Every structure is written in structure tokens, then in C-alpha cells.
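[1] dropping the sequence and predicted coords here.
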There are 2 protein chains.
Amino acid sequence: AICEAVAGLFQAGSMTGRKVVITAGPTREAIDPVRYISNHSSGKMGYALAQAMAEAGAHTILVSGPTQLPVPERVTRINVESALEMAAQVEASVEGADVFIGAAAVADYRPANVAQQKLKKTEGMSNTIELVENPDIIRAVAERADRPITVGFAAETKDVQQYAASKLHAKKLDMIIANDVSQVGIGFNSDNNAVWVLRRKAPLNAHDAASGGSEASAALLEESIDQMSKAQ
Amino acid sequence: AICEAVAGLFQAGSMTGRKVVITAGPTREAIDPVRYISNHSSGKMGYALAQAMAEAGAHTILVSGPTQLPVPERVTRINVESALEMAAQVEASVEGADVFIGAAAVADYRPANVAQQKLKKTEGMSNTIELVENPDIIRAVAERADRPITVGFAAETKDVQQYAASKLHAKKLDMIIANDVSQVGIGFNSDNNAVWVLRRKAPLNAHDAASGGSEASAALLEESIDQMSKAQ
């Protein structure tokens, strides 16, 4: 299982002095006070990575949507519900981070209007829900002048590697972990994930080069995910 | 807390030979393989009632949407995700039941089309989700020739008692428990619920009168919910 495979991959202290921000879990996009749109993400991948980073000595901040998971030791968890809340908390915490890992399954869209009272069948729970696009959290991180090593996930049900490669380049990520969620027993909510790791071949940017050690962080991360993948 | 308040309300054996079907939890209405519409129901109320009924000796079937709750002892749990699945399982299990308690927060609507692959922003995750009405599970139970004592819930954020009264009559329920979910710390996901119990004044139908004991079951149920309400 991922949790066990990741724990102990990092030697104690190898991330000391580094700051890591990780998002995890689903987001919930309110329709009204009781209804919402969400997805099947359990948060296990992000929590496992947070635990590994903290064990390696990193200052680890976990911005988490609703999950049933306990906070890993030495991890600072910030709880959020919606994509807008997650975006705000990432923005508030990512400055000075060496690594950002976007493991959350952020809703691409949210209802355009959130009713203040529970909608009744007879009064305006219409036959459509209008949607508006949510902010692209990981893209915003990757576009920062002081961008950290930026790692994304792609949870797909078909053409997994192809989508992952295009997401890697479109969002200017340093690394992407591609997840096949089409099969029973792997993917969301599962302890077993089938993953591919893609890494951008282009050199890291000037900030990364100057800061030193970021390359080492990336290599460490890549190795850990590679190990997780083999542990299945 | 409700769970503790309900347990032990029924004397052992007082429901022996009776069959009770209870729905609990939210439903999840799929948008595509990873996204869904759901609501904040935790299932605690339905599970507490199932536990109480089983402890009183009833043959208790719990048709449950996704929750994090353990199966109470001596309760037969049938797991479902969607309102359609819940409707089918209730239909399959309600025959011969003495009491039906609809404690689930069943989605009124579901997406008209469920995508077989995860929808991408670029290919048809359109700006609206079209909805179609779900079957009315409790109404279908109340309309059966062999209808059991039929108990509903109304989780509302305003005009709670008024909505509950109209639901009681419109759906021909025997009893309705009205829940105010507008305040923090009560309602969905809370151990504390603010509830009102409304009971239909009209006599129970011919089947109820003939079967005997149903009236006693209803009185027992009413008393239990009354106690739950006072225990807060």
C-alpha cells in the first residue's frame, strides 16, 4: 500500500530546512447549504507524501479538502472545502516553498450561484446547474516568479499518459504523476494506485538553479514516487 | 448525543417478530466516473434508529448510502450509492415490513447523462449540468397496498415545521421528524439535532389496523424520537 511504501523512503533530515506545500483530497462545491458537487478522491496520495516529506525533515503544510484521514505527525494541516478556499490557502502559504505538490482533486467547475437556503423542488431547483470555472491552483503556483518545484497529478480514465504529458507542458509543471482511475481497486479511494511519473526535460528555471537543492528535492520526490509505483 | 440517547430506549424484545426497513446517509449521483453530486448527510440518525430497532428485537434492514459508520450489531446493511440504487433496494426489501423509516437524504435530482469517461474541460464539461428527477422512495412506500408505518424526515434551513407538515400530508406519511440544519453544530454531520416530531392525526389504514401492533410500533418510535429530542 502507498502509505507504507512512502513512509521511510526519505532519510531523516534530507529535507531539513525545506518548505513543502501539498494539496490533498477532493473539493466540495456548494449548490446550496446541504448539497454539493464533489469527487471520489480519498486524499491518501497527498497525505502519504506529506508524511514522507515531514519525516524527511521538511516544514510541511497540507492544504486539505474534506477527508477521513488523520493529520500526519509534524504536518501542519489547513482544512478547506471549496476550490476557492483551497486557492486562497495555497496563495497564503506557498511563498518561500521549495516544493509544491498538487495532489488534490480540485473541481474544475463550481455552481455559478450558491443558494442561501436549501432549494425546494417546487421553487427553483431547476433542471440545470449552471457552472463557472474554478481558478487553476497549480498553474498559478507554476507561474509565480518564485516558483517552487511544482508537481502535479493527472487522474484519468483513458489515454492516461497522453493527457498527463499535455498537462505537464500546458501548466509548465516540473513533474506529473499520472494515475489510472478507470480500474476497480486502483485509483481514487484505493490503497493501490497504478502510476506513471513524467518529468519535464527542460532545465528548471533560474530561481530553481539559484536556490540549489531544489534539483535534489525533485530527484528525491521522483525516486519516492517511483518506489511507490514499484511497491504495488 | 443521539446515538447514546437512542440506544436502550426500547426494551429488549418489544419489536420481536417485527420487520423494519430504514434508509440512511446521502446518495451520490454520478456526473462521470470521478465526479458526483451529494449532500452533507452523515447517516447518524438512521444508524441510531437501526441500532435501537435491532436492540428491541426487530429484523432490521438498513439501506445505506456512503457513510463512515460501522454496521450496528444485528442489523443487515445493504450499501448503495445512488437514489436509483436505493429505490431498487428498498423495493426489494420492504415487502412485509411493519415500519419503514426514510432517514436518508436522497438526492431529488440526478445528472441526466452520466459520462462513461472523466469529462475534460476541453471536450464537453459544459457550463451546465442537466438534471432529471429521482424517484420518490418514501412516497412509493407509502402508496403500497401493504404499506408499513411510514416515517419521514425533513431537513430544512427555514420554515422547518411548515415544510414538514406539508411533506407529511403530501406524501401520506404517518410521522415526520423535522430537522433544522441551518445552524452550526446541529443537523447534518452533527451528533446533536434539533428536531420536531409531527404525526398524522388520521387513523392508520386498514392494513395497519388489521395487522395490530403497528400502532404500538408507531407509539414506540414516536416516544424514542421524542426522547432523542429531549436528550439534547
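    Looks like it came in fine.

[2] ok, which stretches of chain A are strands?
    With DSSP state E, the ranges of strands along chain A come out as A:19-24, A:29-30, A:35-39, A:59-64, A:75-79, A:99-102, A:109-111, A:128-133, A:149-156, A:175-180, A:195-199.

[3] quick check, central residue of chain A?
    When CA atoms, centre = their mean is applied to chain A, the residue found nearest the centroid is residue A:103 (1.7 Å).

[4] got the contact list for the spatially closest residue to that residue that is not a sequence neighbour?
    Leaving aside its chain neighbours, residue A:103 sits nearest to residue A:46 (3.3 Å; criterion: CB to CB, 6 or more residues apart in numbering or on different chains). Backbone N, C-alpha and C define where each C-beta goes, glycine included. Contacts of residue A:46 were listed using CB atoms under 8 Å, 6 or more residues apart in numbering or on different chains, and they are A:22, A:23, A:24, A:25, A:62, A:64, A:101, A:103, A:104.

[5] one step back: so how far is residue A:118 from the residue nearest to the centre of chain A?
    32 Å (CB to CB, to the nearest Å).

[6] again, but for residue A:84
    Residue A:84 is 21 Å from residue A:118, by CB to CB.

[7] and what of residue A:72?
    On the measure of CB to CB, residue A:72 and residue A:118 end up 36 Å apart.

[8] return the distance of residue A:182 relative to residue A:91.
    Distance, residue A:182 to residue A:91, using CB to CB: 33 Å.

[9] these two - which one has more neighbours?
    residue A:182 (18 against 14; other CB atoms under 10 Å in any protein chain shown).

[10] close to chain B: what parts of chain A are there?
    A:31, A:33-41, A:68, A:105, A:107-109, A:117-118, A:120-121, A:125-133, A:155-158, A:163, A:181-182, A:188 (CB under 8 Å from any CB of the partner chain).

[11] just the buried subset of those, please.
    Among the residues of chain A next to chain B, the ones that count as buried by 16 or more other CB atoms under 10 Å in any protein chain shown are A:31, A:33-41, A:105, A:107-109, A:118, A:125, A:129, A:131, A:155-157, A:163, A:181-182, A:188.

[12] how many other residues sit next to residue A:72?
    When neighbours are counted by other CB under 10 Å, residue A:72 comes out with 20.

[13] does it really touch residue A:50, like I thought?
    Yes. In this structure, residue A:72 is within contact of residue A:50 by CB atoms under 8 Å, at 5.4 Å.

[14] pull up the overlap in contacts between those two.
    Between them, residue A:72 and residue A:50 share the contacting residues A:60, A:62, judged by CB under 8 Å, 6+ apart.

[15] in JSON lines, list the contacts of residue A:46 along with distance to residue B:167 and pLDDT.
    Converted to JSON lines, the contacts of residue A:46 look like this (distance: CB to CB, whole Å; pLDDT from 0 to 100):
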{"residue": "A:22", "distance to residue B:167": "44", "pLDDT": "97"}
{"residue": "A:23", "distance to residue B:167": "40", "pLDDT": "98"}
{"residue": "A:24", "distance to residue B:167": "39", "pLDDT": "97"}
{"residue": "A:25", "distance to residue B:167": "34", "pLDDT": "96"}
{"residue": "A:62", "distance to residue B:167": "42", "pLDDT": "98"}
{"residue": "A:64", "distance to residue B:167": "37", "pLDDT": "98"}
{"residue": "A:101", "distance to residue B:167": "47", "pLDDT": "94"}
{"residue": "A:103", "distance to residue B:167": "42", "pLDDT": "93"}
{"residue": "A:104", "distance to residue B:167": "38", "pLDDT": "96"}
